[in-house]
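Trainee: Requesting a structural model of the entry that follows:
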Amino acid sequence: PKFAYSEIINEIRIAGNERIPEETILVFSKISKNDRIDENKLNEILKNLYDSNYFSFVNVTFENKTLNINVRELPIIYNLKFTGLKSKTITQTLTDNLKLKERTPFNEIFLNEDKDKLKTILRKMGYFFSEVEMYKVDLKDNRVDVIIDIELGEKSKIKKISFIGDKKFKNKKLLNVIVSEENKFWKFLS
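Mentor: Modelled structure (predicted):
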């Protein structure tokens, strides 16, 4: 309904929540009984609830001085499982950089962002030809497992570094100031 002016909320009804308590939804919505409400405030409540990243669907209506909030919760991540990795160090580095975490809501957007981020991290580690697949497995009670399947491939190595162009600096001096270095058979000793 269109508001000619703001009205007072006499009652708030929340429906559709399973795990998230009504009090928490009210905190997310930043609204309470006896507040004034108009169309802008309804839109603000909607935005606040979506911004919480706990809901896949939100509907907010105001009728007969009653604010109705209907929600559908996002599933909760039960487990993050890595497959294809043997190194605990790499697994921990990748886990630390994920937006998706166990016991938090599953979000498809974060899944795609995390997949890109993992590929970037692996490239920085020298695994330029690694394959990363991420997908969710639905469980009961609105929970999911997130499977992260990684095929590292061969680590890239620098065979030779050559400097071309103006020779104002000797090659040896330039080699000392760059981070990358050529791969030699004796490098495993250092």
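Trainee: Contacts only, for residue 102.
Mentor: 77, 78, 79, 80 (Cβ atoms under 8 Å, 6 or more residues apart in numbering). Bear in mind the C-beta positions are built from the backbone N, C-alpha and C, glycine included.
Trainee: Excluding sequence neighbours, find me the nearest residue to the second one.
Mentor: When you say that, I think you mean residue 78. Ranked by Cβ to Cβ, 6 or more residues apart in numbering and with sequence neighbours excluded, the top spatial neighbour of residue 78 is residue 143, at 4.4 Å.
Trainee: residues touching that neighbour, list them.
Mentor: Residue 143 touches 75, 76, 77, 78, counting by Cβ under 8 Å, 6+ apart.
Trainee: how deep is the second one tucked in, by neighbour count?
Mentor: Residue 76 sits with 18 neighbouring residues when counted by other Cβ atoms under 10 Å.
Trainee: swap in residue 28?
Mentor: 21.
Trainee: Would you check how far apart residue 36 and residue 154 are?
Mentor: As judged by Cβ to Cβ, to the nearest Å, residue 36 and residue 154 stand 64 Å apart.
Trainee: Kindly apply the preceding question to residue 140 instead.
Mentor: 41 Å.
Trainee: So the two - more neighbours on which side?
Mentor: residue 154 (10 against 5).
Trainee: Look up phi and psi at the residue nearest to that one when sequence neighbours are not counted.
Mentor: The spatially closest residue to residue 154, leaving aside those adjacent along the chain, is residue 129, at 6.6 Å (Cβ to Cβ, 6+ apart). Torsion angles at residue 129 (phi, psi; degrees, to the nearest 10) stand at phi -110, psi 20.
Trainee: Good, wrapping up.
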